[in-house]
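J.: Any chance you can model this:
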Amino acid sequence: MRIFKSLLLALPFLCFSCSNDRLLNENSIRITKINEHPFLIDHCRRLITVDKNGNKLDDEFLYCDSGNGCNAFLYDTEKTFTLIDCNGHWYSITKRTGQISKLGWYWLKNLPKNYKGTYSNIGSKSTYSFKHDSLPTIYEVYKYKDPNE
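T.: I've put the predicted structure just below:
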């Protein structure tokens, strides 16, 4: 009977730890345009994490795009993703919960390994497109030297 109770108590923990469907992937991370100008292409941006049903988990404001392009670069860093914005701000995204943490401004810091892709503004969509390009150089990642603090 004691073994049965132990198994019954351990089962939820085993299922939770083995279940990869709870982990976020790059499709769970979005960058959307906000405060779009009615006729200019400048806009501000928001980083959003969503669960597999599309429900928002967390969000954080990003550097505004002046219309000259402001890409964000995603790296897989084991239990988290690291997003580096065009102005040098680094963000950590926890894969299990979707929580976004602003790590700080690290201008020209060496880039992490395991590049996943780039979020870029293509066309008039309200959401930035995500695609895996060739490995970006440090000068492609760090575009605007503005800590925006």
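J.: Listing request: residues of this protein with sub-threshold pLDDT.
T.: Applying pLDDT under 70 to the chain picks out residues 1-22, 36-40, 124.
J.: Now do the helices in it.
T.: 2-18, 138-141 (DSSP state H).
J.: For the lengthiest strand in the chain, which helices and strands make contact with it?
T.: If you go by DSSP state E, the chain has its longest strand at strand 56-65. Contact here means 3 or more Cβ pairs under 8 Å, 6 or more residues apart in numbering; DSSP states H and E; on that basis strand 56-65 packs against strand 43-50, strand 89-94, strand 100-105. (C-beta placed from N, C-alpha, C; glycine too.)
J.: Count the neighbours of Cys64 for me.
T.: 18 (other Cβ atoms under 10 Å).
J.: is it true that it touches Cys70?
T.: Yes. In this structure, Cys64 is within contact of Cys70 by Cβ atoms under 8 Å, at 7.5 Å.
J.: so what's in contact with those two at the same time?
T.: Common contacts of Cys64 and Cys70 (Cβ atoms under 8 Å, 6 or more residues apart in numbering): Arg45.
J.: now what about the longest strand of the chain, what contacts it?
T.: Counting by Cβ under 8 Å, 6+ apart, 28, 31, 33, 35, 41-51, 70, 72, 85-87, 89, 91, 97-100, 102, 121, 144, 146, 148 sit against strand 56-65.
J.: pretty sure Gly67 contacts Lys33?
T.: No. With contact defined as Cβ under 8 Å, Gly67 does not reach Lys33; the gap is 11.4 Å.
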